[in-house]
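Novice: quick one, fold the following:
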Amino acid sequence: MIPKVAGWKKDRVSQLTDIFNSEGVVAVVDVSGVPASNMIDMRNTLRDRMSITMAKKSLMKIAWADSGRPADEFDSLLYGAEQPCVVHSSSMNAFEIFSELEKTRQGRPAKAGEKFPEDVTIPAGPTEFGPGPIVGEFNAVGIPAKIDKGKVAIQKETTFEQGQEISADLGIMLSKLGINPIEIGLILTGAIEDGHIFYSSDLDLDTDGLRQDIISGTSGAFNLACNVGWFSSITTPTLISKASGEALSVAIEAGIINDETATIIISKAKNSALALAGQLDSSALDEELIAVLGAASESAEVAPSEATESEEVEEAPPVKEEEEEEDAGFGGLGDLFG
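Specialist: Modelled structure (predicted):
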């Protein structure tokens, strides 16, 4: 006798088969330990970007086989998932899906029998609790405490090691300290996109660091291409500009006269001529050249003369006295000759 299959199972297999046959990314996430209320909130948050379908592993495998995909591929996606569900998105790639699912991670209080997923350290120091029975409750679970200055204080730093079993009372006391050691969320175990399988370790990238590495690498490649003269649509404008500048410098040094170099060469020659003329005796120069050198000299002395103007003003009184003495002398000669 062929066992009768429940209708809802057929419907779920059909639904999963359609998902596996559709375009986009298919991923498996582990939702073990996620309370129903949290799961509802997470699904509502992600609803616009991806679908999340709950099903048993056996039904998932049947649907995967019905879609014509290799069985070992789905086994790879399921690896490490205690309570799997299927995620599908046609608008996001595998890296984007992983990034969004990572945002659902959160801590929850530990239950009796669960184990620390990693070392948890409680620092020594005061707490927010006042005196009362709570002091004995802390000490009973291995967290040494006492009353200090009207507050409950942890006497010394206490560490619970990874893998250590958590009792119900310890879970409660940790929660009172704001420590929720059990991490929950939609934890991606694997994804398949365009026939390529990605594990969570493949998708866990430092995007900011990667972006900076790409920028740095692109800049280095551009500089290298320009230095070796590699022409492309990106480097050609820079290489032409560089070559134009170098050609202009060579033309100026060689004294080649054209529309671009004439003004620069004439200016350079003029400056050289003035520098040479400035070293000659004035008797060897004509009036025009002397005037030019004089104008240049006056221009160079403008700043110093302005800087000493105040000093000259202060020295004016002695000059006046000297003039008075000279006037007095001429007055005496006038008297002598009538």
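Novice: touching stretch 58-70 from outside, list them.
Specialist: Outside stretch 58-70, the residues within contact range by Cβ atoms under 8 Å, 6 or more residues apart in numbering are 9, 12-17, 19-21, 55, 71, 73-74, 78, 84, 86. (C-beta placed from N, C-alpha, C; glycine too.)
Novice: now the buried members of those residues.
Specialist: With burial judged by 16 or more other Cβ atoms under 10 Å, the buried subset of these is 12, 13, 15, 16, 17, 19, 20, 55, 74, 78, 84, 86.
Novice: list the contacts for the nearest residue to residue 25 once chain neighbours are set aside?
Specialist: In space, residue 25 comes closest to residue 193 once its chain neighbours are excluded; the distance is 4.6 Å by Cβ to Cβ, 6 or more residues apart in numbering. Residue 193 is in contact with 25, 93, 94, counting by Cβ under 8 Å, 6+ apart.
Novice: phi and psi next, for residue 193.
Specialist: Taking degrees, to the nearest 10, you get phi -140, psi 120 for the backbone angles of residue 193.
Novice: could you check the pLDDT of it?
Specialist: Predicted confidence (pLDDT) for residue 193: 93.
Novice: kindly report the same for residue 250.
Specialist: On the pLDDT scale, residue 250 gets 91.
Novice: between the two ends of stretch 278-285, how far is it?
Specialist: 10 Å (Cα to Cα, to the nearest Å).
Novice: then stretch 90-109?
Specialist: The straight-line separation of the ends of stretch 90-109 (Cα to Cα) is 35 Å.
Novice: what's that stretch in contact with?
Specialist: Counting by Cβ under 8 Å, 6+ apart, 22-25, 27, 29, 33, 35, 38, 42, 45-46, 49-50, 87, 89, 171-172, 174-175, 179-188, 191, 193, 198, 200, 203-205, 207 sit against stretch 90-109.
Novice: re the thing from before, can you tell me which of the buried ones among the contacts of stretch 58-70 lies nearest to residue 158?
Specialist: Checking the buried ones among the contacts of stretch 58-70 against residue 158 with Cβ to Cβ, the nearest one is residue 84 at 36.1 Å.
Novice: right, and the closest one touches residue 27 too?
Specialist: No: look at residue 84 against residue 27 with Cβ atoms under 8 Å: they stay out of range, at 10.0 Å.
Novice: quick one on the thing from earlier: can I get the contacts of residue 193 in a markdown table with secondary structure?
Specialist: Listed next are those as a markdown table, based on DSSP: H, G, I helix; E, B strand; the rest coil:
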| residue | secondary structure |
| --- | --- |
| 25 | strand |
| 93 | coil |
| 94 | helix |
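Novice: which of the contacts of stretch 90-109 count as buried?
Specialist: By 16+ other Cβ under 10 Å, the contacts of stretch 90-109 give 24-25, 27, 29, 33, 38, 42, 46, 50, 87, 89, 171, 174, 179, 181-182, 184-188, 191, 193, 198, 200, 203 as buried.
Novice: would you mind giving the domain segments of the chain?
Specialist: Segmentation of the chain into domains, based on automatic domain parsing, reads 7-105+185-205, 120-183, 224-305.
Novice: just these: most buried one?
Specialist: Among the domains of the chain, the stretch with the highest mean neighbour count (mean count of other Cβ atoms under 10 Å) is domain 7-105+185-205, at a mean of 16.
Novice: before we move on, the earlier item: which of the contacts of stretch 90-109 fall within strands?
Specialist: The strands, defined by DSSP state E, take in 25, 27, 29, 87, 89, 182-184, 187-188, 191, 193, 198 from the contacts of stretch 90-109.
Novice: return the member of those residues nearest to residue 241.
Specialist: Of all the ones in strands among the contacts of stretch 90-109, residue 241 sits closest to residue 193, with 42.5 Å by Cβ to Cβ.
Novice: what bridges to the closest one?
Specialist: residue 196 (DSSP bridges).
Novice: quickly note the distance from it to residue 90.
Specialist: From residue 193 over to residue 90 the distance is 11 Å, taken as Cβ to Cβ, to the nearest Å.
Novice: circling back: export the contacts of residue 193 to CSV and tack on distance to residue 268?
Specialist: Shown next, in CSV, are the contacts of residue 193 (distance: Cβ to Cβ, whole Å):
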residue, distance to residue 268
25, 67
93, 60
94, 63
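Novice: what's the farthest-apart pair in the buried ones among the contacts of stretch 58-70?
Specialist: Of all pairs drawn from the buried ones among the contacts of stretch 58-70, the widest gap by Cβ to Cβ lies between 15 and 78 and measures 17.9 Å.
Novice: surely residue 43 and residue 52 touch.
Specialist: Yes: in terms of Cβ under 8 Å, residue 43 counts as a neighbour of residue 52; the distance is 5.2 Å.
Novice: closest to residue 254 among the contacts of residue 193?
Specialist: Out of those, the member with the shortest distance to residue 254 (by Cβ to Cβ) is residue 93, at 57.8 Å.
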